[in-house]
Every structure is written in structure tokens, then in C-alpha cells.
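> Provided below for reference: sequence and predicted model.
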Amino acid sequence: PGTADFVAAILSLDRGIGRRSLTLAGVLREDVLRALENAPPETDLRAAGALSAARRLAAGSMVTTGHLLIGSLSDPTSAAAQALVAAGARVETLRVEVDDLHAAGYDDDALSAPPPPTWMQPSAEDRGTGVAWRVVLADTPRVTAIADSFIAYPSGFEYRLTLSAAPRESIPAQPWKETADGGIDVRLEAVPGVQYTRLEPSAIRGEPASGMVVASGPARHSGSRRRSDFIMWCWPLPPAQMLDVVCHWAAFDISDARVRVDGAELRAAAAMSAPLWRRHSE
């Protein structure tokens, strides 16, 4: 077994400090499992190092799944650390959550994993309604950025963001933060002046005070790294007025390129979204 196996085992449980800490830190189970699918094989020595780190953290007390989670992250090059970072986790945030739960006296049997908050992703109970938009945010000699596959839900909407690079260019694995200028920024602006900013769920405590845009899950990359697809979740639904989708990416010479879309159309589509299971229970 390796560190990826430890994290997968923690996620397989319906309770525990490790599982609860991931949820509190805004990390989605499905995102981590997708990232773990690409985890490289590890030696037994790496797994032994994680176990030793977990025992040191426990300091003579019983080792919990929280200790095991942090122990698996003690080496930033481990498969577990790489998968969790790819899923949007911040290691320091996870440490804080684990420490807080231990300090409060919880153990693995006392904590069940709560469902993710409604602002973090679409409800599993809603079908959603598609909106036939294909928005070209940027088209330059170096890169194109296209938003399509819009789906509206009662609580928000999602769309696919496709970044395609020209020959001899490549899309960073994490374009939000892998360039010196902070990476790509895709935001929404409701006219006039109401802005949906990009936020990392792991940095949010409680419900966000304003609208947010977040990439929900690891990207799908082409083998050549010239194309990446992201699913973007936007919360809450915008007002029934015109909305600017704005793209800024200084590393690829894109400066606040914007396309205007109709928020009223999104709201109308969301109103048509029906519960997934209603027709089976009638």
C-alpha cells in the first residue's frame, strides 16, 4: 500500500476525523478519487514514512484517521499530497481542521461526514436544464478560451471551460496559480458592477458572503497538454439581467476579454429544473 491507498481508505468511510476534515476544508470526495486514479505507484518505504509521521502526531495516543491523513501529506511529493492538491486541498487548512477536531475531543467514531454545503456544487437531487450557449472568451495567436455546456440549477449554474493552446504552447496543469502573475482569472460581472469572484472552497469558512466561481474538480488534459477542460460551478444564480463573462490571463496576453450573456435566460432555465427522483415516486 501507499499514501494514496491510505487516503482512499479514509474516503471509503462514512465517518471519522480524516473524512470530516476533508469536508470542512471544502474538498469533495469525488474530486480526490478522480485525482487518485492517476496517482503513481509508491514503495512500501513511502507508506512506512506516512505511518511513522502519523504516530509522531498522535504522541502516544491512539492514531486516528486525522493523524493518518496528515501523515500521508508529510511528504509533499507523495501520491496522496499530489492528489489532494490537484483536488483543490490546502495542506495547512487540513492540518488546522484535524487539530481543531482533536482539540475538541472528537474521535473517529464520533464524527460522520456531512454532505457538502449547497453553495459548493449542484444538488444531487436536481436534474438541471441546459442552456445552448457557446461563448468564445478569447481567441489569440497563443490560446483560445471557450465556455459552453451551460447547465442551470435552482442554486447556481455550471459550464465547461476549454483552454486550447497553439503549437509549441501548453496549458498549465493548474492554470489558476501556476504562472507568476497568478494565472488565469475567469469571473462573472452582473451589470452594473456586481462581481462573482473566483474562490477556493478550502479557503472559505461558512457560506460565502458574495457570489463565487470555482473549478469543481481536476481538469481533463490532452496528452500534449495543449487542451484542458474544466467544469466551473457558479453560485448563486445571477440576477435576471445581462451578465459579463470576463477572462484575464496576462501570461497569454489576454486582458479582461468579455462576452455578455443574459442572466434572465439562466434563471428561466433553472426554473425548469425538476427533481431527479420525483417521477419515480409518483
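Structure's in. What do you need?

> only C-alpha atoms for contact and neighbour calcs from this point on.
Noted.

> can you give me the helices in the protein?
Using DSSP state H, the helices assigned to the chain run over residues 3-12, 17-24, 29-36, 44-58, 65-72, 79-86, 91-103, 263-271, 278-281.

> Would you map the strands across the stretch 101-250 of the chain?
129-139, 143-153, 156-165, 185-190, 194-198, 212-215, 220-221, 227-235, 242-249 (DSSP state E, counting those that start in this stretch).

> between those strands, which one is nearest to residue 65?
strand 212-215 (27.3 Å; Cα to Cα).

> For that closest one, the averaged confidence score.
Mean pLDDT, strand 212-215: 70.

> Quick one: list the elements packing against that strand.
strand 194-198, strand 227-235 (3 or more Cα pairs under 8 Å, 6 or more residues apart in numbering; DSSP states H and E).

> that older thread, any chance of the helices of the chain in CSV, plus mean pLDDT?
Output for the helices of the chain, formatted as CSV (pLDDT from 0 to 100):
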stretch, mean pLDDT
helix 3-12, 90
helix 17-24, 87
helix 29-36, 85
helix 44-58, 88
helix 65-72, 92
helix 79-86, 88
helix 91-103, 86
helix 263-271, 95
helix 278-281, 52
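
> Of all the ones you listed, which one is nearest residue 125?
Nearest of those (Cα to Cα): helix 278-281, 9.3 Å.

> Please state the offset of stretch 43-57 from the chain centre?
27 Å (Cα atoms, centre = their mean, to the nearest Å).

> Name the surrounding residues that touch that stretch.
By Cα atoms under 8 Å, 6 or more residues apart in numbering, the list of residues contacting stretch 43-57 from outside reads 1-3, 63, 67-75, 78.

> Now that stretch: buried residues?
46, 47, 48, 49, 50, 51, 53, 54, 55, 57 (16 or more other Cα atoms under 10 Å).

> Dump those to a markdown table, plus distance to residue 228.
Compiled in a markdown table, the buried residues of stretch 43-57 are given as follows (distance: Cα to Cα, whole Å):
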| residue | distance to residue 228 |
| --- | --- |
| 46 | 31 |
| 47 | 32 |
| 48 | 35 |
| 49 | 34 |
| 50 | 32 |
| 51 | 35 |
| 53 | 36 |
| 54 | 36 |
| 55 | 40 |
| 57 | 38 |
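
> from those residues, which two are the most distant?
Top of the distance list for the buried residues of stretch 43-57 (Cα to Cα): 46 and 57, 16.8 Å.

> hmm, back to that, and the contacts of stretch 43-57, which of them are buried?
Here, 16+ other Cα under 10 Å leaves 2-3, 63, 67-75, 78 buried among these.

> tell me which of the residues you listed is nearest to residue 171?
Looking across the buried ones among the contacts of stretch 43-57 and measuring by Cα to Cα, the closest to residue 171 is residue 78, at 23.4 Å.

> out of the buried ones among the contacts of stretch 43-57, what pair is the most spread apart?
63 and 78 (20.0 Å).

> what's the closest of the strands of the stretch 101-250 of the chain to residue 87?
strand 212-215 (9.6 Å).

> give me the low-pLDDT residue ranges for the stretch 151-282 of the chain?
Applying pLDDT under 70 to the stretch 151-282 of the chain picks out residues 173-174, 177-182, 191-194, 198-207, 209, 215-224, 277-282.
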